[in-house]
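Turn this into a model:
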Amino acid sequence: MKIFVLAVIAAVAVGANAQSFKCPPKDGQYEDSRQCDKYYECVDGEAIAKLCPDGLVFDPLIRKRNKCDQPFNVECGDRTELQTPQPKGPCPRRNGFFAHEDPSVCNKFYNCIEGDYTEITCTNGLHFDEYSGTCVWPDSAGRQGCKATENTLKDGFTCPKESQRDANGNLAVHPKYAHPTDCQRFYVCLNGVEPRDLGCQVGEVYNEESQRCDAPENVPGCEDWYKDDPAVPLGKQSKKQ
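Modelled structure (predicted):
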């Protein structure tokens with residue numbers, strides 16, 4: 001009963017505001033001067049006050065019929081007021097992208113559509129930024145109190161914090177590292193933080209100097225890596241890439 005009464009009061013208030021809004025000569029949709037998720041539908045000079053779905057705001061610059069969009073895509077300016085939130089579950093409003101309810105969990109967020117939500121996990125090493133609705137580097141997100149997410153492979157490898165230069169002397173975006181005991185295997189750190197365990201094709205070993213797969217005889221210490229492997233023909237062992 002209480003919810004019904006509030007809905008009636010809200011409808012009366014919206015109708016009263018519509019009566020005070022003066023439509024421009026051209027029919028269309030126009031923003032309210034104070035409330036960012038409120039707008040007016042003008043037809044033949046008559047205004048009908050409407051609200052965007054909870055969580056979305058009105059963008060008068062969108063050139064399409066539905067002008068309600070995510071808040072991070074819209075410049076509200078002085079239109080600072082919003083409708084009363086309609087939370088459901090972990091969604092503080094019915095629609096939008098929202099941070100995890102635990103402020104220390106920075107790599108997960110919710111995509112809410114009419115109160116139904118999907119939990120999404122950012123790519124390893126990234127944090128959710130509520131001001132852009134995307135996953136960004138922690139420095140860009142600027143969130144405090146986040147739990148450290150440790151990216152460690154099963155064999156214990158983690159990406160070094162020090163930057164790496166490639167064979168041409170350029171800063172490596174996805175640095176590579178030789179495996180300490182397996183000449184055929186090597187690691188790649190995606191964006192410098194997310195480790196992947198990869199391997200060269202049979203007959204080749206990883207050359208740390210050139211940072212590519214190479215013939216065994218070109219890599220000191222790995223010359224005889226395939227010597228006792230019957231699956232690798234002798235000719236292939238010395239085949240260069």
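
Show me which residues of stretch 71-89 are buried.
By 16 or more other CB atoms under 10 Å, the buried positions in stretch 71-89 come out as 71, 74, 76, 79, 82-83, 86. No exception for glycine: its C-beta is placed from N, CA and C like everyone else's.

Report the distance from the helix or strand residue 119 falls within to the chain centre.
Using DSSP states H and E, residue 119 sits in strand 116-121. Its chain's C-alpha centre and that of strand 116-121 lie 12 Å apart, by CA atoms, centre = their mean, to the nearest Å.

which helices and strands sit right next to that strand?
Applying 3 or more CB pairs under 8 Å, 6 or more residues apart in numbering; DSSP states H and E, one finds that strand 116-121 contacts strand 108-113.

partners of the strand it packs on in the sheet?
Sheet partners assigned to strand 108-113 using DSSP bridges are listed as strand 96-99 (antiparallel), strand 116-121 (antiparallel).

and the last one, which residues are buried?
It stands for strand 116-121. Those would be residue 117, for strand 116-121 by 16+ other CB under 10 Å.

Quickly run through the sheet partners of the next helix or strand after it, with directions.
Next along the chain after strand 116-121, taking DSSP H and E as the criterion, comes strand 127-129. Looking at strand 127-129 with DSSP bridges, its partner strands are strand 134-136 (antiparallel).

what does the helix or strand that comes right after the strand it pairs with contact?
Once strand 134-136 ends, the next helix or strand along the chain (criterion: DSSP H and E) is helix 138-141. With contacts defined as CB atoms under 8 Å, 6 or more residues apart in numbering, helix 138-141 is touched by 106, 125-129, 146.

got a list of contacts for the helix or strand just after helix 138-141?
Going down the chain from helix 138-141, the next helix or strand is strand 176-178, by DSSP H and E. Strand 176-178 is contacted from outside by 157, 160, 164, 186-189, 206, 208, 211, using CB under 8 Å, 6+ apart.
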